[in-house]
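Novice: pasting the sequence and the predicted model now:
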Amino acid sequence: MSEGLRVYASMQGRFPDDAYITNAVDLAATCERLGFTGALIHFNHRVPDPWLLSSLLIQQSTTFVPMVAVQPYYTSPFALAKMLATTAYLHGRRVDLNMVAGSTPGELRQVGDRLDHGARFDRMDEYLSVLTALLVGGSPAARPDPVYDYEKPEHFAAGMDPELLPRIFIGGSSDEAVDLSVRHGAVAVTNPAPADLFADGFAASVGRRTDSGVRFGLIVRETSEEAWAAARRYFPPNRAAQINVKLHGRASDSVWRKDLANLSAEETHEGVFWLGAIMSGASHSPFLVGSAEEVGRYFSRYLECGVSEIILASPWEEYESNAEFLAQWTVSGQGLS
């Protein structure tokens, strides 16, 4: 298991926007300065291609690691392997992968992807097996009806330096997502439930079989009152978004979205775990809000469950204080790794 706590920021902002690229380059510099590993580069139908953006950020940085969101319907394993190997060859740099099975029905319908929840994870299992063969060799498991009917992909293995191979993250709270993470040695990552539910659910399912990560935001101040005032300035209430969370969550096949719909009866849990950013329609992740002592005690409960990776959903203005806070609450006590 990993020592310390690896931290990734998140790309934010709307596109097209004159400041989008400038902000992205600034984000890479901020991550390096604060000791973050890198940042999640999103994928959806309204943002720039994450690979072109990541190439730019690598050229504008020294140690920054893009974590590119990958949708199997958008990028074939052959194309992905080629981009990873080419980036390693051109820049001697690693790119991590955030594998997304897909939980937004509208986007899936737009591209004619009508597989159900289980079938999408079956496809991703095959995708990762083929990708491994293309990167390092070995034969992917034979399947009776393969989605990627490649002939001996291991013959085209890139033979990449092991240090430049991607770290793979698989998002999802379902048993299928966790089992897939374990099978491929990936980081199982989720938007977490409140600490006790997380311990009894997702963390118990992952156990110590593979690394685990969480995605949430942090708003920490000297006093609880100051933290909550800041949180509500960032994310004012939005009644329409609250209704949308409940209705769409119950209709979704995403385990997290269904859990969220049930949890949303209470906006704040245990005085620290806050769903208000989601209920405002401005975030997809929960937040921990309060004084450093309050958030630290609560956050340590996730670390005790074996969490070794965090993807920050905080507003960028909070990264400085987030880094100071996180440096005090690591698994090894040695700061960010």
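Specialist: It's in. Residues are numbered from 1 along each chain as shown.
Novice: low-confidence bits of the stretch 201-337 of the chain, can you list those?
Specialist: For the stretch 201-337 of the chain, the stretches flagged by pLDDT under 70 are 239-262, 264, 329-337.
Novice: all strands of it, in order?
Specialist: Taking DSSP state E, counting those that start in this stretch to define them, one finds strands in the stretch 201-337 of the chain at 212-221, 268-269, 273-274, 287-291, 307-312.
Novice: output the ones you listed in CSV; the columns should cover mean neighbour count and distance to residue 232.
Specialist: C-beta coordinates here come from the backbone N, C-alpha and C atoms, glycine included. What follows is the strands of the stretch 201-337 of the chain, written out as CSV (neighbours: other CB atoms under 10 Å; distance: least, CB to CB, whole Å):
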stretch, mean neighbour count, distance to residue 232
strand 212-221, 24, 10
strand 268-269, 16, 11
strand 273-274, 25, 10
strand 287-291, 24, 9
strand 307-312, 23, 19
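Novice: of those, which is nearest residue 79?
Specialist: strand 307-312 (24.4 Å; CB to CB).
Novice: what's that closest one in contact with?
Specialist: 1-10, 36, 40, 67, 169, 187, 189, 203, 211-218, 319, 322, 326, 331 (CB atoms under 8 Å, 6 or more residues apart in numbering).
Novice: and the angle from it to strand 212-221?
Specialist: Using axes from the mean of the first three to the mean of the last three CA atoms, to 10 degrees, the inter-axis angle of strand 307-312 relative to strand 212-221 is 50 degrees.
Novice: ok, back up a step: from the contacts of strand 307-312, list the buried ones, please.
Specialist: Buried by 16 or more other CB atoms under 10 Å: 2, 5-10, 36, 40, 67, 169, 187, 189, 203, 211-218, 319, 322, 326, 331, out of the contacts of strand 307-312.
Novice: so which of the contacts of strand 307-312 are in helices?
Specialist: Judged by DSSP state H, the subset of these located in helices is 203, 319, 322, 326.
Novice: so residue 69 sits in a strand?
Specialist: Yes - assessed with DSSP: H, G, I helix; E, B strand; the rest coil, residue 69 lies in a strand.
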